[in-house]
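Enquirer: next input, structure requested:
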Amino acid sequence: MSFKIPIVSVIMNCHNGAKYLKESILSLNAQTYKNWELIFFNNCSNDKSEEIIRGFKSKKIRYFFSNKKLKLYHARNLAIKKARGKFISFLDTDDKWCKDKLKLQLDFFKKNKDFNVVYSNYFLLDERKNIQKIFFKDKLPSGLVSQKLLNKYVVGILTVMIKRNIFRKNKFNQSFEIIGDFDLFLNLSRKYKFGCIQKPLAFYRDHFDNFSKKTNLYLKELRKWLLKNEKRLVFEGYDLSKFKFFMLKLKIKNFLSYVGIY
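Expert: Model (predicted):
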């Protein structure tokens, strides 16, 4: 039997992600589209992550291990280099996908040759309140979406499928710890058309351990990003007023939470 090159390479970076890992892998195995590979990049885990992933005993899973803990976006870049598929998708160890996620996105690319990225809405799984809800209620943008993403950022990395050749000249900024996906996809949106599937195709798990809950670091990285990019974006004609207002609201919310009011 000849080797079949996978069409989709799924990137999963893992540092001590054992708690939800099995559930995430099962959602990948349940995909109606089967021609995929999983690039599992174990970022120096010391829990049962390796035991769980090896327990699946699947030839579709390619396992890699780092002997030292790397920053997330450095690890993402290294994992992408291992990919063999024509398309790249991202699935974190605490998230999961709807079973038709890959199929619907590949169908989109077949019908829309001039698009390079496709994303979707997604569900929020709120463990603290034990509820599930659609994350974005309004229609999400498609096409040249840079300004709309600056107004309201809606691209969840767990929903993205992107042509692999894009990564020949574009990488995650490894200096970031939280906003590396925002930085990359915002930059890509200035050069490429983004497609959107409005229905939710993934589940984002909101729990106490979420890295994005480190609001102080989040604000620090957003300020760093703005300082680096503001002049260029304004020169190109972008309006940053709503983005700055979002940062202000986040700062106020963080302060109120700190003093115990929010």
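Enquirer: so who does residue 58 touch?
Expert: 29, 38 (CB atoms under 8 Å, 6 or more residues apart in numbering). (Each C-beta comes from the backbone N, C-alpha and C, glycine too.)
Enquirer: report the secondary structure state of it.
Expert: Three-state call for residue 58 (DSSP: H, G, I helix; E, B strand; the rest coil): coil.
Enquirer: then the one 10 residues further on?
Expert: With three-state DSSP as the basis, residue 68 sits in coil.
Enquirer: distance of the residue nearest to it when sequence neighbours are not counted from residue 78?
Expert: Closest residue to residue 68 apart from its sequence neighbours, by CB to CB, 6 or more residues apart in numbering: residue 44 at 5.8 Å. For residue 44, the distance to residue 78 (CB to CB, to the nearest Å) stands at 12 Å.
Enquirer: report the set of residues contacting both of those two.
Expert: 66, 70.
Enquirer: looking at these two, which one has more neighbours?
Expert: residue 78 (18 against 14; other CB atoms under 10 Å).
Enquirer: what sits against the more buried one?
Expert: 41, 64, 66, 70.
Enquirer: got the residue ranges for the strands in this structure?
Expert: Assigned by DSSP state E, the chain shows strands spanning 8-14, 36-43, 61-66, 87-90, 96-97, 117-126, 131-134, 161-163, 194-206.
Enquirer: per-stretch mean pLDDT over these, give me the minimum one.
Expert: Looking over the strands of the chain, mean pLDDT reaches its minimum on strand 131-134, with a mean of 90.
Enquirer: need the mean per-residue confidence for the lengthiest helix in the chain.
Expert: Longest among the helix segments of the chain by residue count, using DSSP state H, is helix 215-235. Helix 215-235 shows a mean pLDDT of 94.
Enquirer: how many residues are close by residue 218?
Expert: Residue 218 has 19 nearby residues by other CB under 10 Å.
Enquirer: what about the stretch 1-150 of the chain, any weak spots by pLDDT?
Expert: 1-5 (pLDDT under 70).
Enquirer: if we go to 80?
Expert: 1-6, 127-131 (pLDDT under 80).
Enquirer: from residue 228, how far off is residue 161?
Expert: Applying CB to CB to residue 161 and residue 228 gives a distance of 28 Å.
Enquirer: between those two, who's got more neighbours?
Expert: Comparing residue 161 with residue 228 by other CB under 10 Å, the one with more neighbours is residue 161, at 25 against 12.
Enquirer: report pLDDT for residue 250.
Expert: Residue 250 carries a pLDDT value of 87.
Enquirer: check contacts around it.
Expert: 215, 218-219, 222.
Enquirer: let's see 7 Å
Expert: 215, 219 (CB atoms under 7 Å, 6 or more residues apart in numbering).
Enquirer: next: residue 122.
Expert: Residue 122 touches 135, 156, 158-159, 200-204, counting by CB under 7 Å, 6+ apart.
Enquirer: show me what residue 65 is bridged to.
Expert: residue 42 (DSSP bridges).
Enquirer: same thing with residue 120?
Expert: residue 197.
Enquirer: that one against residue 197, yeah?
Expert: Yes: counting by CB atoms under 7 Å, residue 197 is a contact partner of residue 120 at 4.2 Å.
Enquirer: more neighbours, these two?
Expert: residue 120 (26 against 20).
Enquirer: roughly how far apart are the residue nearest to residue 68 and residue 16?
Expert: According to CB to CB, residue 44 stands 9 Å off from residue 16.
Enquirer: noted, bye for now.
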